[in-house]
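Student: Predicted coordinates and the sequence they were generated for:
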Amino acid sequence: MTKADIIVKADYVLTMDRDLTLITDGAIAVKNKKIALVGPAEEVAAKYESDTVIGGPGKVAFPGLVNTHTHAAMVYFRGLADDLPLKVWLEGHIWPAEERWLSTEFVGDAVELACLEMLKAGITVYNDMYFFGDAIAHATKKAGMRAVVGAGILDFPSKTAKTADEYFANAEKFIRDWAGDELIVPAIAPHAPYTCSPDTMVRARELSGKYHIPMHLHLSETEWEISEVMSRYGKRPVALLDSIGVLDENVLAAHCVWVEDEEIDILAGKKVGVSHCIESNLKLASGIAPVIKMLKAGVKVTFGTDGAASNNDLDILGEMSTAARVHKAVSGDPTALNAKQALLMATRWGAEAIGLGYITGSLEEGKAADIVLAGLEKPHLVPLYDIYSHIVYSMNATDIRTVIVNGKIVLNEGRSTTADESEILEKAREWGKKISSANTH
């Protein structure tokens, strides 16, 4: 018998591998931070034993969920400015709040709250675009979570830089400082085609190529963006980025709400990953992305929450459930975006779209042990006929019991093992008082 660090048991083990293998009465052996064996419980028990055996009857195990687009630190602006269109929300409320409050301390504290929220919702890796990347990375590592941390780039001044040169200098230092980290992947994140010139986009793409890192941007989110980019450059955003050679498989494009058929073909041909942020898009009335068309064209569509200031939560289970329902309605096809496909988009495809498919996204031997264990015994989950359907249409974040990231239990029976939850919540309340007080004066 070989000693494993952890053995996870469950009535259902959803591997989300290439064959979408589903194992009933299954188990996963974890050793040296990786999955050593996944299979029927009897087979695992014949080869591995462990002092730490978790799960069992009434549980389902699946890969850690992947949040492919967020601004984690914006949890501290949750509910600050709701029921507004994107342009008004950003320019009238969010950017001024960021100008006033952003700092290393603010971002670090906020990201601790965001990571706690995401881990409790079964998210083990997120793809972020923001500022003060060191603070994001340190807070994420402290939580024991994985992240692709994008260094934000703009063509106008912010709290972190005054010029494009300064943004790029900061980004390059951040990329070098975090290269090779076990949990943090540095990335470059030019905000959008309406806030970054073609020259800035090309420069970001060159940095992505130089360091072999992902590039993360907003793309075709609103009708206003389309008209703005058209008026400046005479091309729609996707065509513009294609014409300057920045689109490839290393690019993750968030939103893609207003993309036409020929643009979808460009995205598919260039193997650009798309992060579908349906709840944020619905709330800001930005529109509904043509996801079914994108999927049919071969675009790798994944799920993102966007920031909690426009969602207002960081919950991929919710995104899956909303997306699967809405796309059935708008397409008039009840078979569109079925439960199995939705879970694939939230796991393996998500990991692949942010360049981490070789590490995480599925439960396979040799991959990192990023595992979610959820309970199946609450009233809304009984009886059970189809486990995929249950996860997508019935499960919610409160059903997540245990989360393992990189072979370490970071959430145990719903409680963090890496953080003082009450301290994180108290800090969030204190920041909220400061922000609220400033807004009323």
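Tutor: Noted; the coordinates are in hand.
Student: Helices along the stretch 201-350 of the chain, start to end?
Tutor: Counting by DSSP state H, counting those that start in this stretch, the stretch 201-350 of the chain has helices at residues 223-233, 237-243, 261-269, 278-283, 291-297, 316-331, 339-346, 348-353.
Student: in the last one, what's buried?
Tutor: Along helix 348-353, these residues count as buried under the neighbour rule (16 or more other C-beta atoms under 10 Å): Arg348, Trp349, Gly350, Ala351, Glu352, Ala353. Using the backbone N, CA and C atoms, a C-beta is placed for each residue, glycine as well.
Student: wait, what's in contact with the fourth one?
Tutor: With contacts taken as C-beta atoms under 8 Å, 6 or more residues apart in numbering, Ala351 has the following neighbours: Pro63, Val66, Val125, Gly357, Ile359, Thr360, Gly361, Ser362.
Student: Which members of those are the farthest-apart pair?
Tutor: Pairwise distances across those (C-beta to C-beta) peak at 12.6 Å, for the pair Val125 and Ser362.
Student: Have a look at those two and say which one is more surrounded.
Tutor: Val125 (28 against 24; other C-beta atoms under 10 Å).
Student: Once you drop chain neighbours, what's closest to Gly144?
Tutor: The shortest distance from Gly144 to any non-neighbouring residue, by C-beta to C-beta, 6 or more residues apart in numbering, is to Val410 (4.0 Å).
Student: any idea how far the one you found lies from Asp370?
Tutor: According to C-beta to C-beta, to the nearest Å, Val410 stands 10 Å off from Asp370.
Student: Find the residues that touch each one of those two.
Tutor: Listed as contacting both Val410 and Asp370 by C-beta under 8 Å, 6+ apart are Ile404.
Student: And the two? Which one has more around it.
Tutor: Higher neighbour count among Val410 and Asp370: Asp370, with 30 against 21, using other C-beta under 10 Å.
Student: Confirm for me that the more buried one is in contact with Thr124.
Tutor: Yes. Taking contacts as C-beta atoms under 8 Å, Asp370 lies within contact range of Thr124: 4.4 Å.
Student: what is in contact with these two at once?
Tutor: With C-beta under 8 Å, 6+ apart, Asp370 and Thr124 have common neighbours Pro63, Gly64, Arg146, Thr360, Val405.
Student: For the first one, give me the pLDDT.
Tutor: It refers to Pro63. With respect to pLDDT, Pro63 scores 99.
Student: next one: phi and psi at it?
Tutor: Backbone torsions of Pro63, given as degrees, to the nearest 10, read phi -60, psi 150.
Student: how close does Ala428 get to Leu119?
Tutor: As for Ala428, its distance to Leu119 is 15 Å (criterion: C-beta to C-beta).
Student: let me redo that: Glu260
Tutor: Remark: distance between Glu260 and Leu119 (C-beta to C-beta) = 38 Å.
Student: repeat for Gly152
Tutor: Relative to Leu119, Gly152 is positioned 24 Å away (C-beta to C-beta).
Student: Would you mind listing the residues in contact with the residue with the largest distance to the centre of the chain?
Tutor: Residue farthest from the centre of the chain, counting by C-alpha atoms, centre = their mean, is Met1 at 37.9 Å. Residues near Met1 by C-beta under 8 Å, 6+ apart: Lys47, Tyr48, Glu49.
Student: And for Asp315?
Tutor: Glu117, Ala121, Thr305, Asn396, Ala397.
Student: Give me the neighbour count for the second one.
Tutor: With neighbours defined by other C-beta under 10 Å, the count for Ala121 comes to 24.
Student: hang on, isn't it packed against Asn311?
Tutor: No. With contact defined as C-beta under 8 Å, Ala121 does not reach Asn311; the gap is 11.9 Å.
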